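Chemist: got a predicted structure plus its sequence, pasted below:
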Amino acid sequence: MPHSDRPGPDGETSRDRRTRDLRKDRKPVRNLLAADVGGAHLGLALTIGALLVAAGFSGPRWVLLATGACATWFALALAVVHLRGARGGNAVRRAYIATFGWGDYVTP
């Protein structure tokens, strides 16, 4: 059944109601999966710590490989964020959170 673009008695179209309902349904999931810059700082610190431990045990080859993987992931996240419309510092912040935001889930 197609959606009507004519406003109903409340002034809202069915498409507007559907969009509003989808946003309302998805909000708990967005809040659950949200990460912040503080968590990203923790993720970066833990990554650096793991790289230092790896450097002590295996030498620079694995550290450079893991650092390259993190840099590639950040560049990919930055490209995706840029394609989705974010610019400047906001794009860098979003890519940073996408790369290291997992640190937000380490703390209780």
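Modeler: That came in fine, so what should we check first? Remember, it's a predicted structure, so these values are computed and weren't measured experimentally.

Chemist: how near is residue 102 to residue 78?
Modeler: From residue 102 across to residue 78, the span is 17 Å (CB to CB, to the nearest Å). Using the backbone N, CA and C atoms, a C-beta is placed for each residue, glycine as well.

Chemist: please read the previous query as pertaining to residue 27.
Modeler: Per CB to CB, residue 27 is found 26 Å from residue 78.

Chemist: same drill for the two, tell me which one is more crowded.
Modeler: Per other CB atoms under 10 Å, whichever of residue 27 and residue 78 has more neighbours is residue 78, with 18 against 10.

Chemist: run through who's touching the host helix or strand of the more buried one.
Modeler: Assigned by DSSP states H and E, residue 78 falls within helix 60-83. For helix 60-83, contacts defined as CB atoms under 8 Å, 6 or more residues apart in numbering pick out 47, 50-51, 54-55, 91-92, 94-96, 98-99.

Chemist: for those, work out which two are farthest apart.
Modeler: Greatest spacing in the contacts of helix 60-83, by CB to CB: 55 and 91 (30.5 Å).
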